[in-house]
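Engineer: Need the 3D shape of this:
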Amino acid sequence: MSVVVPTAPEQAEDEMENQIKPPHPRPDAPPDYSAHFVSGPPAPAVPPPVGYPGGLPMGYCGPQHSTTIPLYQPPGSIHPIQYQPGKYHMPNQFAPITWMPEPTLMPNCPPGLEYLAQLDNVHVLQHFEPLERITRFETNNRYDIKNNLDQMVYIVTEDTDDITRNTYRTLRPFVLRVTDCAGREIMTLQRPFRCTCCCFCCPSARQELEVQCPPGVTTGFVAEHWNLCRAVYSIQNEKRENVMGVRGPCSTYGCGSDSVFEVKSLDGVSNIGSITRKWNGLLSAMGDADHFDIHFPADLDVKMKAMIFGACFLIDFMYFERSPPQRSSR
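Structural biologist: Here you go, the predicted model:
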């Protein structure tokens, strides 16, 4: 006896395909978005800039939108972004700064001093810090070094901690770092602490400045000499041998006139150069923003030019640096 096994009814070929193929090619596609925004009248067409027939490429920031993208600051960064050499716009300044063209390398010249080798005078311009007068908090000094063409030669920044700077004020030990247009430190000026509690004629109370060029290599020293009437310094080489002398005026207050510090030979007869603190009117009297003119012969040894350059900053801190007024205890 034969057994008949029931079988499933045959389905049409088109129904089988419908079960295998999904009803939509992309089942996960989002539904169509219906916007409720009512568009306004079309804006006038703006022609693309010259040289870009299809408009500005993606990510390009045109000159008219140069301030729409903020400058990137790394997380936790304290120092500002270094700008490249040439003309650039510094923050909060309206005029571009032009750097002095980088000179060629010279034999027997410390790297970075090639700028001084072709100059016979430089201008030292201290930055004015209005917050010092308001908050009475001493900040690190900053200087711009320029030539007669108003071109930037160096930038000098003080590197002193807040406690030392606000405790010792004008008598503080400091480190000044001189950098060029590429941000390289080409010179370091160090002033050690000298106690002024003892007699002024004691050698331990005399101020001193060490000039290193390049940093870590001692070029010479600027040493103070005790004098009852005027400021007297000696410029020494790396062996502490006297090479030149600096003789200041009898009065270093400089109220209403320039203060000239003459650089003389060891015999005191011939003049070699000068360090002049310019009188800038009320800005010199009330603000802490000094202006110095340093003159030296163009054919003078470049290391001696660096020593005269360093003597300017020791003179500034000793006689013309004004600390913010302290609040009275009453």
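
Engineer: from here on, contacts and neighbour counts on C-alpha atoms
Structural biologist: Noted.

Engineer: what's near enough to touch Ile155?
Structural biologist: Arg142, Tyr143, Asp144, Ile145, Val178, Thr179, Asp180 (C-alpha atoms under 8 Å, 6 or more residues apart in numbering).

Engineer: residues near the third one, how many?
Structural biologist: Using other C-alpha atoms under 10 Å, Asp144 is surrounded by 18 other residues.

Engineer: Check which helices and strands the longest helix seen in the chain is in contact with.
Structural biologist: Criterion DSSP state H: the longest helix present in the chain is helix 302-315. Here helix 302-315 touches helix 114-117, strand 208-212, strand 218-225, strand 291-295, going by 3 or more C-alpha pairs under 8 Å, 6 or more residues apart in numbering; DSSP states H and E.

Engineer: Following element in sequence after the first one, please.
Structural biologist: From helix 114-117 onward toward the C-terminus, using DSSP states H and E, the following helix or strand is strand 121-126.

Engineer: Of all the helices and strands packed on helix 302-315, which one is nearest Trp279?
Structural biologist: Within those, the stretch nearest Trp279 is strand 291-295; the backing value is 7.7 Å (C-alpha to C-alpha).

Engineer: Report the angle between that closest one and helix 302-315.
Structural biologist: Interaxial angle of strand 291-295 relative to helix 302-315 (axes from the mean of the first three to the mean of the last three C-alpha atoms, to 10 degrees): 150 degrees.

Engineer: just checking, what packs against strand 291-295?
Structural biologist: Applying 3+ C-alpha pairs under 8 Å, 6+ apart, we find strand 291-295 packed against strand 121-126, strand 271-277, helix 302-315.

Engineer: With respect to Asn242, which of those lies nearest?
Structural biologist: helix 302-315 (11.6 Å).

Engineer: any idea of the mean pLDDT for that closest one?
Structural biologist: Mean per-residue pLDDT for helix 302-315: 96.

Engineer: neighbouring contacts of it?
Structural biologist: Contacts of helix 302-315 (C-alpha under 8 Å, 6+ apart): 109, 113, 116-117, 189, 191, 208-209, 211, 219-222, 235, 275, 292, 294, 296.

Engineer: Confirm for me that Gln118 is in contact with Phe296.
Structural biologist: No. Counting by C-alpha atoms under 8 Å, Gln118 does not reach Phe296; the two are 11.1 Å apart.

Engineer: between the two, which one's more packed in?
Structural biologist: Neighbour count, other C-alpha under 10 Å: between Gln118 and Phe296, Phe296 has more, with 22 against 13.

Engineer: Look up how far Lys264 lies from the closest residue to the more buried one other than its chain neighbours.
Structural biologist: Once flanking residues are discounted, Phe296 sits nearest to Gly273: 4.4 Å by C-alpha to C-alpha, 6 or more residues apart in numbering. Counting by C-alpha to C-alpha, to the nearest Å, the gap from Gly273 to Lys264 is 7 Å.

Engineer: Tell me, how many residues neighbour Ile294?
Structural biologist: 21.

Engineer: Report pLDDT for it.
Structural biologist: Note on Ile294: pLDDT of 97.

Engineer: what residues are up against it?
Structural biologist: So Ile294 contacts Asn121, Val122, His123, Val124, Gly273, Ser274, Ile275, Thr276, Ile308, Phe309, Cys312 (C-alpha under 8 Å, 6+ apart).

Engineer: For it, give the beta-bridge partners.
Structural biologist: Beta-bridge partners recorded for Ile294 (DSSP bridges): Val122, Ile275.

Engineer: now do Glu185
Structural biologist: Residues in beta-bridge contact with Glu185 (DSSP bridges): Thr179.

Engineer: I'd guessed it sits against Val178; true?
Structural biologist: Yes. Glu185 lies in contact with Val178 (C-alpha under 8 Å); the separation is 5.6 Å.

Engineer: So between those two, which is more surrounded?
Structural biologist: Neighbour count, other C-alpha under 10 Å: between Glu185 and Val178, Val178 has more, with 23 against 19.

Engineer: what about Glu132, which SS state?
Structural biologist: helix (DSSP: H, G, I helix; E, B strand; the rest coil).

Engineer: That one and Gln190, how far apart?
Structural biologist: Taken as C-alpha to C-alpha, the span from Glu132 to Gln190 is 23 Å.

Engineer: Neighbour count: the two, which is higher?
Structural biologist: Neighbours per residue (other C-alpha under 10 Å) separate Glu132 from Gln190, with Gln190 holding more: 20 against 16.

Engineer: Now that that one has come up, it's in contact with Pro215, right?
Structural biologist: No. Using C-alpha under 8 Å, Gln190 is not in contact with Pro215; the gap is 10.3 Å.

Engineer: circling back to that earlier point, weed out the non-buried ones from the contacts of helix 302-315.
Structural biologist: Listed as buried from the contacts of helix 302-315 are 113, 116-117, 189, 191, 208-209, 211, 219-222, 235, 275, 292, 294, 296; burial here means 16 or more other C-alpha atoms under 10 Å.
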